[in-house]
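> Fold the stuff below for me.
(one chain, ligands or ions: 2)
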Amino acid sequence: MRQYLDLMARALNDGAEQMDRTGTGTRSVFGHQMRFDLREGFPLVTTKKLHLRSIIVELLWFLRGDTNVQWLRDRKCSIWDEWADENGDLGPVYGKQWRDWETADGRHIDQIAELLDTIRTNPGSRRMVVSAWNPGDLHAMALAPCHCLFQTHVANGRLSLQLYQRSADIFLGVPFNIASYALLTHLLAQQAGLDVGDFIWTGGDCHLYSNHLDQAREQLSREPGPLPRLEILRKPASIDAYDYEDFAIHDYVAQAHIKAPVAV
Ligand SMILES: Nc1nc(=O)c2c([nH]1)NC[C@@H]1CN(c3ccc(C(=O)N[C@@H](CCC(=O)O)C(=O)O)cc3)CN21
Ligand SMILES: O=c1ccn([C@H]2C[C@H](O)[C@@H](COP(=O)(O)O)O2)c(=O)[nH]1
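Numbers count the residues shown, from 1 in each chain. Ligands and ions are numbered 1, 2, ... in the order given. This is a model prediction of the structure:
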């Protein structure tokens, strides 16, 4: 995960000081790309311990089309709690847009089902795009989508995926986002009977919060270790049927967890 530490060092050393929506202040760079060959291992940060459980549960929650935090809370995942209203609702965030995008003329679009259909029937398509960025719904969302658009690509029997993340909290959010989309690439590939290719992460405003700088320096002083390996224990009949128990991560050797406050 040298690529991740390079992004962190870039923001720390070259980032412009910026005030931001949360009032915390950041060091920010604009435009960055990282590429992970998923055959070389699963891109999970090793220079601090990550809770893969929260990452898996969050992705399954998106795929359920769920936008209420109760299902996450029931599975001990609290990462969305700060943004939920008194009923646990977040508004029409990722799950809604992925699985049930509503059009002006009253149609309902399941972008994930359509994507898989295209991967299977027309893998040469250059239109395999899923967008969570629905301008008409932004006002009702607890937080505008950060990982807002992704595209898949099939070549030589391998499925690759590129994400565009408009806003990236390098210390807390990005390790989650990389692992989450790497996992999604594995799920789509398994469902379509393909091998995994590359996961490409493209970031817009990539920032280190001013209260994460010491944590970033600590992490940069550590040597990244070898990548773990993901095993999917079962092939469910559809992308909707994965459970947390279907995944095993092998040889994840991580250094000590580093705590940091989340900017709300
Ligand atoms: N400022 C900010 N950064 C984010 O990364 C972020 C948001 N806001 N808002 C929405 C989601 C929620 N996400 C989050 C929220 C919290 C953690 C976090 O606190 N992580 C801790 C503990 C993880 C756990 O409980 O499993 C960490 O050390 O990684 C990570 C991602 C990513 N997103
Ligand atoms: O998956 C996520 C979700 C959120 N973030 C971060 C990026 C920013 O620090 C905040 C969002 O604030 P905006 O003012 O809406 O940009 O959350 C992330 O890194 N990953």
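
> residues near the residue of the stretch 51-200 of the chain found nearest ligand 2, how many?
Closest contact between the stretch 51-200 of the chain and ligand 2, by Cβ to the nearest ligand atom, is at Gly173 (2.3 Å). All C-beta spots, glycine's among them, are computed from the backbone N, C-alpha and C. Around Gly173 there are 19 other residues, counting by other Cβ atoms under 10 Å.

> Next, count neighbours for the closest residue to it other than its chain neighbours.
Spatial nearest neighbour of Gly173, excluding adjacent residues (Cβ to Cβ, 6 or more residues apart in numbering): Cys146 at 6.8 Å. Cys146 has 18 neighbouring residues, counting by other Cβ under 10 Å.

> cool, and Val262?
With other Cβ under 10 Å as criterion, Val262 counts 15.

> is it fair to say it lies in a strand?
No: checked against DSSP: H, G, I helix; E, B strand; the rest coil, Val262 lies outside a strand; its state is coil.

> In terms of pLDDT, where does the closest residue to it other than its chain neighbours sit?
Using Cβ to Cβ, 6+ apart and skipping residues adjacent in sequence, the residue nearest Val262 is Leu172, 5.8 Å away. Reading off the confidence values, Leu172 has pLDDT 98.

> same check, this time on Gly15
Reading off the model, Gly15 has pLDDT 98.

> again, but for Gly157
98.

> Any idea how many residues pack against it?
11.

> check contacts around it.
Applying Cβ atoms under 8 Å, 6 or more residues apart in numbering, one finds that Gly157 lies in contact with 194-195.

> now the one 10 residues further on
Ser167 sits next to 146, 204-205, 207 when contact means Cβ under 8 Å, 6+ apart.

> do the same with Gly25
Applying Cβ under 8 Å, 6+ apart, the residues near Gly25 are 17-19, 209-210.

> Write out the residues of this structure neighbouring ligand 2.
The chain has residues 21, 143-144, 146-147, 167-169, 173-174, 177, 263 near ligand 2, with proximity defined as Cβ under 6 Å from any ligand atom.

> what's the pLDDT at the residue nearest to Gly173?
Reported pLDDT for Cys146: 98.

> mind checking how far it is from Leu172?
Separation of Cys146 from Leu172 (Cβ to Cβ, to the nearest Å): 11 Å.

> do the same with Leu184
Taken as Cβ to Cβ, the span from Leu184 to Leu172 is 19 Å.

> Mind checking which of those two has more residues around it?
Leu184 (21 against 16).

> tell me what the strand or helix carrying the more buried one is packed against?
Assessed by DSSP states H and E, Leu184 sits inside helix 173-192. Contact here means 3 or more Cβ pairs under 8 Å, 6 or more residues apart in numbering; DSSP states H and E; on that basis helix 173-192 packs against helix 2-14, strand 26-37, helix 52-63, helix 111-121, strand 147-155, strand 158-169, strand 195-209, strand 229-232.
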